[in-house]
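A.B. asks: model the following, please.
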Amino acid sequence: MVCAQPRAPAPQDSVNTACAGNAGGPLFVPNRRGGFTLAGIVSAQAADCALDSPVIATSIPAHLDWITARVPGLIVEDSPIESGFWSLDGAPGAGLAIEVQGARAILGAMLYDEDGRPTWYFAHGAFAGQGSFTAPLDQFADGSDTLYTAGTRAWRRIGSPG
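C.D. replies: Take a look at the predicted model:
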């Protein structure tokens, strides 16, 4: 499963949601080569169907063997996870950090909750290749909204978002 948070849509995109009948369609993500990589197959969206609510998608790498067995001639390129930092359009101060070293991967996401408070998400686990990894996602709150500020409160683990 893949959970994707769309950027703020333009008004003309109001019909391009999983709730508007796009389930089964592709979930593309930008890649560093200036193109797009197929990351999932759209399955569902949050119950409120808000344009900026998360989309749930089936993970392509998790089902790659099944897909390639049923699509003759399909060419699959391994798309490794690229270490780096990414900012999120329309969300100043929010971003992602990904680090892959050998057989381990770490993901950190700095976002904001509904009330505008900084919230960190963190996952680490085994990386088996094929452009994805699976790990528990922990959520932290009550800390600084910067990487380091002397004298700030410590972050508090508040569990897993799901």
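A.B. asks: shaky segments in this protein?
C.D. replies: 1-23, 32, 45-55, 75-81, 88-91, 129-132, 142-162 (pLDDT under 70).
A.B. asks: for it, just list every one of the strands.
C.D. replies: Here the chain has its strands, by DSSP state E, at 2-4, 26-30, 36-45, 55-59, 84-87, 95-101, 104-112, 118-126, 138-141, 156-159.
A.B. asks: can you list the domains in this protein?
C.D. replies: Here the domain parsing of the chain from automatic domain parsing is 1-78, 80-162.
A.B. asks: returning to that earlier point: can you list the strands of the chain in CSV and add mean neighbour count?
C.D. replies: Every residue, glycine included, has its C-beta placed from N, CA and C. Output for the strands of the chain, formatted as CSV (neighbours: other C-beta atoms under 10 Å):
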stretch, mean neighbour count
strand 2-4, 16
strand 26-30, 14
strand 36-45, 17
strand 55-59, 19
strand 84-87, 12
strand 95-101, 14
strand 104-112, 17
strand 118-126, 16
strand 138-141, 16
strand 156-159, 11
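A.B. asks: now render those as CSV, adding distance to Arg70.
C.D. replies: Formatted as CSV, the strands of the chain follow (distance: least, C-beta to C-beta, whole Å):
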stretch, distance to Arg70
strand 2-4, 20
strand 26-30, 17
strand 36-45, 14
strand 55-59, 14
strand 84-87, 33
strand 95-101, 29
strand 104-112, 28
strand 118-126, 27
strand 138-141, 36
strand 156-159, 38
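A.B. asks: tell me which of the ones you listed sits nearest to Pro72.
C.D. replies: With C-beta to C-beta as the measure, strand 36-45 is the member of those nearest Pro72 (18.0 Å).
A.B. asks: next, the angle from that closest one to strand 55-59.
C.D. replies: Orientation check (axes from the mean of the first three to the mean of the last three C-alpha atoms, to 10 degrees): strand 36-45 against strand 55-59 gives 120 degrees.
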